[in-house]
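S.K.: got a sequence here, can you model it:
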Amino acid sequence: MNILFFLTPKAKCAYLRTEDSLRQAMERMDHAGFTALPILAADGSYCGTLTEGDLLRAFRDLALMDMRQAEKHNIMECTIRREVTAVPVTTQITDLLNTAIDQNFVPVVDDKNAFIGIITRRVILQYCLERYIQSESDTRKSEAS
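M.R.: Numbering: from 1, shown residues only. Predicted coordinates for the structure are as follows:
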């Protein structure tokens, strides 16, 4: 099965740019309602994922006391504690599942490392649940025959 079936395209994703400030990152996370957002370079390539925890540690480490100070610092000053692995669009479903076990979402990139969207663990679990329910239904039907 093609993993694009599960993809939320870039146009519908919230993300950060490498040139964004800490304040912009906080506001974008708050507005989007997510605790982690992908970071994209100017050329559209995937650079990593910034989490709320990364932002909090940056505020602590930089001794920032208000949002005006946060405007003067770039998100790339944050130490990213946990690597969120991106997968190529050609990834097999089993490899996608293995990656999604440890991540809330999986960034998807094309053959030039350009970010094309994300696949959420929720979408994958919904699909697996539907397949499981269908399998159970088929089993019951065959047992009844």
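
S.K.: spatially central residue for the protein, please.
M.R.: Phe105 (4.0 Å; CA atoms, centre = their mean).

S.K.: which ones are touching it?
M.R.: 36, 84, 118-121 (CB atoms under 8 Å, 6 or more residues apart in numbering). The way it works is simple: take the backbone N, C-alpha and C, and place the C-beta from them, glycine included.

S.K.: need the helix or strand of the protein with the lowest average pLDDT.
M.R.: helix 121-144 (a mean of 85; mean pLDDT, DSSP states H and E).

S.K.: low-confidence stretches in this protein?
M.R.: Residues of the chain meeting the criterion pLDDT under 70: 145.

S.K.: mind jotting down where the helices sit in the protein?
M.R.: Counting by DSSP state H, the chain has helices at residues 22-32, 52-61, 67-70, 93-100, 121-144.

S.K.: put the alpha carbons of the fourth one into CSV.
M.R.: Meaning helix 93-100. Extracted in CSV, the C-alpha atoms of helix 93-100 (Å, rounded to 0.1, in the frame of the first residue of the first chain):
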residue,chain,number,x,y,z
ILE,A,93,3.8,0.6,5.2
THR,A,94,5.6,-1.8,7.6
ASP,A,95,8.6,0.7,7.9
LEU,A,96,6.1,3.5,8.4
LEU,A,97,4.4,1.6,11.2
ASN,A,98,7.8,0.9,12.9
THR,A,99,8.7,4.6,12.7
ALA,A,100,5.2,5.8,14.0
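
S.K.: what's it in contact with?
M.R.: 1, 3, 6, 85, 87, 91, 106, 119, 121, 124.

S.K.: now for the residues you listed: which two are most distant?
M.R.: Met1 and Thr85 (19.9 Å; CB to CB).

S.K.: what about these two, which has more around it?
M.R.: Thr85 (13 against 10; other CB atoms under 10 Å).

S.K.: distance check, the residue nearest to that one when sequence neighbours are not counted against Met1.
M.R.: Distances taken as CB to CB, 6 or more residues apart in numbering put Thr99 closest to Thr85, at 5.7 Å, once the chain neighbours are dropped. According to CB to CB, to the nearest Å, Thr99 stands 15 Å off from Met1.
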